[in-house]
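Peer 1: Test case, fold it:
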Amino acid sequence: MSRRPVRRFRELGAAWPPAGTRIVMRRAVVLGGSIAGLLAARVLSDHADEVVVLERDDPDAHGARPGVPQGTQVHVLLHGGRVQLDRWFPGFSESLLADGAVLSKDEAIHMYVDGTLKVPVADEIVSASRPFLESRVRARTLALRNVRLIRARACGLTFATDRVTGVRYTAEGDPAEGIAELPADLVVDAMGRSSRLGDWLEEAGRPRPPMRRVGIDLGYATASFRRDGAPLGVSTVQSVVQPGAGRRPGVCVLTAVEDGRWSILLSGFADDRPTRDPEEFRARCRRLPPFFGWVAEGSPMIGPVVTYRQADSRRRDFHAVRRLPAGLVAVGDAVASFNPVYGQGMSSAALHASCLSAYLRSAPSLAEPARDYFARVRLVVDAAWQTSTTNDLALPHVTGPYPRGFRVAHRISDLILRASVTDAEINHRFLQVTHMRAHPNTLIRPGLLLRAMRAERAGTAEHP
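Peer 2: Now for the predicted structure:
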């Protein structure tokens, strides 16, 4: 794990299925049937005789699962996540589109910064509701011969000396609420940002992973509208408003999704969080680039406005735990959960699956802590955390903690964002990072920074 971050990140984002997989354990248990948990189960199916997913929500229920409170909000599949889904399920994105998901490409994507339309570049975004996407990942995962799902609530771990040996759980619908135990060679925590893993470790006399938080006080609201056709051929619009005099910072997205619908997400912070009021929702849309107002005013709203609030971004630093037990890993929001308006959650979870695959293909000893796995995950978390918190810590209501070098990092980030409005090459590089196809360090190379300064001075489009 000594190679440079840019190269290591690129390798984790590989598009081709891994070779040389082999069975290294009898049973793996995944706690949680989220997208992160399902992708972990898919990877584990290459390395375990049996993979068991414990999920308390009904997998056959329609709509958003109770365990995913943000499941009703806008979700987009960035290119980095799409590549990984196609890696683990060949042909997945084509089947997703055939079932009704919407692919936005190139000129069909409009991105604005502080009301100014960015120069277009080659780009692709797949848009669909979270239940639509998750149900298809679940179907492909559970179709694997050695993967099964048990409706159950995990309530603890079993230990033997310095390793996790299994899971304690209560089956859903059990009138006696009896606790059963399921032995495992590897347990995967995919219980999300509210994971109780830290509590269980402390109860067993082991340290919990240290947690870092950035209080963002984010609120966002999503509404659906009937879609009779994309106005002027545009199917995805993003509006980024930065902090500044007279501006209301936030990220807003309009995108076409399955079942002939538009989905609009509006975000705000602290006292500027959007509400459930449809008229207030439309009024906010009128203050955004015209597409938002055209849809909100000219298309019938389907259902209510649904809101979601997230108090903070958080990460659990498993790599810093000295007495980490063997037989245990964590994925997805159980490791780190970022400001969701940047859309990197699903792509991060998909890259965690790639980290798990690389770890299991390295012939690890499962009798030892999975430190090589967490070192790989740290690389992915650092990349998304840097993108998210560098922007969030610049918000006037956010009070830190500020990492060393924050002022310089924010000035560089702001320079690249401003230059990406007019310079196509910088915009391309910027999207490679925000779509999790490249490490953020690719944006701090001297040649690119000089180009960004020239583009900012010129204020005109500059093409490669």
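Peer 1: Tell me where the longest helix sits in the protein.
Peer 2: Under DSSP state H, the helix in the chain containing the largest number of residues is helix 371-392.
Peer 1: other SSEs contacting that helix?
Peer 2: Taking 3 or more CB pairs under 8 Å, 6 or more residues apart in numbering; DSSP states H and E as contact, the helices and strands that helix 371-392 lies on are helix 5-12, strand 211-226, strand 301-316, strand 328-330, strand 336-337, helix 345-360, helix 406-420, helix 424-434. Every residue, glycine included, has its C-beta placed from N, CA and C.
Peer 1: Flag the helix or strand of this protein with the lowest per-element mean pLDDT.
Peer 2: strand 76-77 (a mean of 82; mean pLDDT, DSSP states H and E).
Peer 1: Quick check: closest non-adjacent residue to residue 369.
Peer 2: residue 324 (4.1 Å; CB to CB, 6 or more residues apart in numbering).
Peer 1: Phi, psi for that neighbour please.
Peer 2: Backbone torsions for residue 324, taken as degrees, to the nearest 10, come to phi -70, psi 130.
Peer 1: From the contact counts, what lies against the helix or strand just after the least confident helix or strand of the chain?
Peer 2: Following strand 76-77 in sequence order, the next helix or strand is helix 79-88 (DSSP states H and E). Contacts defined by 3+ CB pairs under 8 Å, 6+ apart place helix 79-88 against helix 35-44, helix 92-98, strand 124-127, helix 345-360.
Peer 1: Pull up the pairing partners for the shortest one, direction included.
Peer 2: Spelled out, that is strand 124-127. Using DSSP bridges, strand 124-127 pairs in its sheet with strand 76-77 (antiparallel), strand 102-105 (antiparallel).
Peer 1: The longest helix of the chain versus strand 211-226: what angle between them?
Peer 2: 70 degrees (axes from the mean of the first three to the mean of the last three CA atoms, to 10 degrees).
Peer 1: tell me the angle of helix 371-392 relative to helix 424-434?
Peer 2: For helix 371-392 against helix 424-434, the angle by the same axes, to 10 degrees is 130 degrees.
Peer 1: From what I see, residue 349 and residue 39 are in contact.
Peer 2: Yes. The pair residue 349 / residue 39 is scored as a contact, 6.2 Å apart, by CB atoms under 8 Å.
Peer 1: hey, what's in contact with both of the two?
Peer 2: Counting by CB atoms under 8 Å, 6 or more residues apart in numbering, the residues touching both residue 349 and residue 39 are residue 331.
Peer 1: ok so, going back, what about the residue nearest to residue 369, neighbour count?
Peer 2: 20 (other CB atoms under 10 Å).
Peer 1: could we number from 14 for the rest of this?
Peer 2: Done: numbering now begins at 14, and the last item shifts to residue 337.
Peer 1: Surely it and residue 384 touch.
Peer 2: Yes. The pair residue 337 / residue 384 is scored as a contact, 7.0 Å apart, by CB under 8 Å.
Peer 1: of the strands paired with strand 137-140, which approaches residue 171 most closely?
Peer 2: Smallest distance to residue 171 across the strands paired with strand 137-140 (CB to CB): 36.6 Å, for strand 89-90.
Peer 1: Check the offset of the closest one from the chain's centre.
Peer 2: 9 Å (CA atoms, centre = their mean, to the nearest Å).
Peer 1: likewise stretch 460-473?
Peer 2: A distance of 31 Å separates the C-alpha centroid of stretch 460-473 from that of its chain, computed with CA atoms, centre = their mean.
Peer 1: Contacts only, for the residue nearest to the spatial centre of the chain.
Peer 2: Centroid-nearest residue in the chain: residue 358, 0.7 Å away (criterion: CA atoms, centre = their mean). Listed by CB under 8 Å, 6+ apart, the contact partners of residue 358 are 345, 346, 350, 351.
Peer 1: Distance of the nearest residue in space to the third one that is not next to it in sequence relative to residue 353?
Peer 2: For residue 350, ignoring the flanking residues on the chain, the nearest one in space by CB to CB, 6+ apart is residue 206 at 4.0 Å. From residue 206 across to residue 353, the span is 10 Å (CB to CB, to the nearest Å).
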